[in-house]
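Engineer: Quick one, fold the following:
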Amino acid sequence: MSPTGPRRWAHLAAVAMQFLTRIPVRLTSVSDDDLRGSQAFFPLVGAVVAAVGIAVRAGLQPLVGAAPATVTAVAAAVVVTGAFHEDGLADTADGLWGGWTPERRIEIMRDSRVGTYGAVTLIASLLYQVMLLAQLPLATFATVMLAGHVIGRAAGVALAASLAPVSDQGLGAKVAGRGGTATAVLCSSAAVATAVLAAGWWFWAPLVAGAVVIVATRALARAKLGGLTGDVLGAVTQATMLAVMTVLVALWRHGW
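Structural biologist: Next up, the predicted model:
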């Protein structure tokens with residue numbers, strides 16, 4: 001029997017944690033409906049991942065300095081997710097620029113090997129993230145890290161709600177479709193709240209940056225692939241995270 005009420009929400013939160021991270025959550029039965037419903041808690045998982053990175057930098061910075069601590073913090077966030085979104089970003093880069101037809105692009109994305117486009121994109125994205133964050137004092141690093149990871153996960157939910165999957169198989173098909181009003185409210189509230197925390201009256205700037213990435217990714221996926229795949233969800237999460245971090249760092253550098 002499926003849990004109801006608060007137990008249902010707790011179950012869906014655990015599903016989200018198990019799905020998006022390597023944190024040892026033991027669930028014996030997870031349905032496709034559970035996975036769709038768990039999207040409401042994807043931003044919460046982003047906050048947990050960010051908290052890991054923040055804790056690592058806070059612990060290491062007094063010992064080794066800001067730059068090495070930032071590298072380790074970013075690596076820790078990747079490890080706790082099992083490089084889940086990074087894998088999607090690399091596969092998407094390989095597929096979109098490595099094939100000439102939608103069918104060939106999807107075939108490339110399903111290949112477990114990482115190609116040149118994927119490797120270059122992954123290295124560049126990680127290096128860019130470290131360079132952005134290493135210059136920040138710890139308190140600013142914490143808010144930027146939190147906003148990037150939370151809004152990035154919310155972006156994946158938004159894209160899944162607005163783009164049909166390329167097939168009825170795979171991760172894209174499992175999470176595609178609207179998760180309901182509760183999912184929209186929770187994800188939107190989490191994104192806005194973290195943007196306000198990070199940017200104050202400029203909260204709209206990171207949200208606009210995230211929206212631009214979502215719209216661009218949606219258009220690219222429709223044109224190049226014919227719809228949504230799980231790898232594209234990973235790519236939009238990473239791209240949105242970097243866009244949000246970029247805007248927030250720019251605001252910080254200009255004293256806004």
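Engineer: What is the neighbour count of Ser41?
Structural biologist: Just to correct that, residue 41 is Phe rather than Ser. 27 (other Cβ atoms under 10 Å). Just so you know, the C-beta spots here come from the backbone N, C-alpha and C atoms, and that holds for glycine as well.
Engineer: Quick check: it touching Leu20?
Structural biologist: No: here Phe41 does not reach Leu20: they are 9.1 Å apart, not a contact under Cβ atoms under 8 Å.
Engineer: excluding its backbone neighbours, what's nearest Gly226?
Structural biologist: Pro102 (4.7 Å; Cβ to Cβ, 6 or more residues apart in numbering).
Engineer: er, Leu207 actually
Structural biologist: Ala195 (5.2 Å).
Engineer: any idea how far the one you found is from Gly234?
Structural biologist: Noted for Ala195: a distance of 22 Å to Gly234, by Cβ to Cβ, to the nearest Å.
Engineer: Looking at those two, which is more packed in?
Structural biologist: Using other Cβ under 10 Å as the criterion, Ala195 and Gly234 rank with Ala195 on top: 26 against 23.
Engineer: and the gap between the more buried one and Asp32?
Structural biologist: 31 Å.
Engineer: One more: Leu186?
Structural biologist: 20 Å.
Engineer: Of the two, which one has the most company?
Structural biologist: Leu186 (21 against 11).
Engineer: Report the separation between the nearest residue to that one once chain neighbours are set aside and Gly65.
Structural biologist: Leaving aside its chain neighbours, Leu186 sits nearest to Ala40 (4.4 Å; criterion: Cβ to Cβ, 6+ apart). As defined by Cβ to Cβ, Ala40 lies at a distance of 39 Å from Gly65.
Engineer: now swap in Ala158 and tell me
Structural biologist: In terms of Cβ to Cβ, Ala158 sits 37 Å off from Gly65.
Engineer: got it, and Val208?
Structural biologist: Val208 is 34 Å from Gly65, by Cβ to Cβ.
Engineer: So which of these two has more stuff around it?
Structural biologist: A count of neighbours by other Cβ under 10 Å puts Val208 above the other of Val208 and Gly65, at 14 against 11.
Engineer: that's a helix at that one, yeah?
Structural biologist: Yes: applying DSSP: H, G, I helix; E, B strand; the rest coil, one finds Val208 inside a helix.
Engineer: Ala219: how many residues sit nearby?
Structural biologist: Around Ala219 there are 11 residues (other Cβ under 10 Å).
Engineer: ok, then the element right after the helix or strand hosting it?
Structural biologist: Using DSSP states H and E, Ala219 falls within helix 204-224. Once the chain leaves helix 204-224, the next helix or strand it forms, by DSSP H and E, is helix 230-253.
Engineer: Identify all contacting residues around the helix holding Ala219.
Structural biologist: The contact list for helix 204-224 (Cβ atoms under 8 Å, 6 or more residues apart in numbering) reads 95-96, 102, 105, 147, 151-152, 154-155, 158-159, 162-163, 191-192, 195, 198-199, 227-229, 232, 235-236, 239-240, 243-244, 246-248, 251.
Engineer: From those residues, list just the buried residues.
Structural biologist: 95-96, 102, 105, 147, 151-152, 154-155, 158-159, 163, 191, 195, 198-199, 227-229, 232, 235-236, 239-240, 243-244, 246-248, 251 (16 or more other Cβ atoms under 10 Å).
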